[in-house]
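Engineer: Pasted the sequence and its predicted model underneath.
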Amino acid sequence: MNSDSVNNIIQLAALASVVDGHASDQEKNLIVEMGSDLLNTPQEKIREILDRCIETFENQGFANHSEAALHSGLDALRSLDPSQKHLAFYICEKVIYQDGIESGEIEFIHQLDQLDRTAFS
């Protein structure tokens with residue numbers, strides 16, 4: 001998988017982890033493990049991408065601005081092929097269930113999926 005696709009999938013997972021207001025260590029560790037295994041990318045590289053994304057999203061207040069988070073998610077989905085999108089949503093689903101479902105997480109993923117289907121169909 002090319003590095004842009006890896007970056008975009010990790011970006012989506014990072015969004016799923018911060019949309020409830022806080023990226024937990026459990027979520028971060030899960031993203032690193034799944035990203036490394038499923039994207040065939042070293043854990044150190046996944047951690048680097050993830051940390052950068054989470055810092056950016058937290059600084060931009062994406063937990064309180066779901067529209068901005070959705071826009072960022074759509075940008076990340078744009079260049080992914082259908083199988084990569086499926087993988088990204090799979091990882092996001094695992095992330096939101098990792099530390100218990102918080103307000104807005106399911107809604108975020110559902111809205112992102114619906115927007116993706118509308119925008120790119």
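Structural biologist: That came in fine, so what should we check first?

Engineer: Neighbours of residue 114, how many?
Structural biologist: Residue neighbour count, defined by other C-beta atoms under 10 Å, stands at 11 for residue 114. (Each C-beta comes from the backbone N, C-alpha and C, glycine too.)

Engineer: before we move on, which element is it in?
Structural biologist: helix 105-119 (DSSP states H and E).

Engineer: Please spell out which residues along that helix are buried.
Structural biologist: 105, 108, 109, 111, 112, 116 (16 or more other C-beta atoms under 10 Å).

Engineer: So the fifth one sits against residue 74, correct?
Structural biologist: Spelled out, it's residue 112. Yes: Residue 112 is within contact range of residue 74, at 7.1 Å (criterion: C-beta atoms under 8 Å).

Engineer: in the host helix or strand of residue 6, what's buried?
Structural biologist: Assigned by DSSP H and E, residue 6 falls within helix 3-18. Buried residues in helix 3-18, counting neighbours by 16+ other C-beta under 10 Å, are found at 5-18.

Engineer: Just the closest of these to residue 66, please.
Structural biologist: residue 15 (10.2 Å; C-beta to C-beta).

Engineer: contacting residues for the closest one?
Structural biologist: Taking C-beta atoms under 8 Å, 6 or more residues apart in numbering as the contact definition, residue 15 lies against 53, 57, 62, 69, 72, 73, 76, 92, 108.

Engineer: With secondary structure and distance to residue 39 as extra columns, can I get the residues you listed in TSV?
Structural biologist: Shown next, in TSV, are the contacts of residue 15 (DSSP: H, G, I helix; E, B strand; the rest coil; distance: C-beta to C-beta, whole Å):
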residue	secondary structure	distance to residue 39
53	helix	14
57	helix	19
62	coil	22
69	helix	22
72	helix	19
73	helix	18
76	helix	14
92	helix	14
108	helix	22
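
Engineer: Confidence-wise, which of those comes last?
Structural biologist: Least confident entry in those, by pLDDT: residue 62, with 77.
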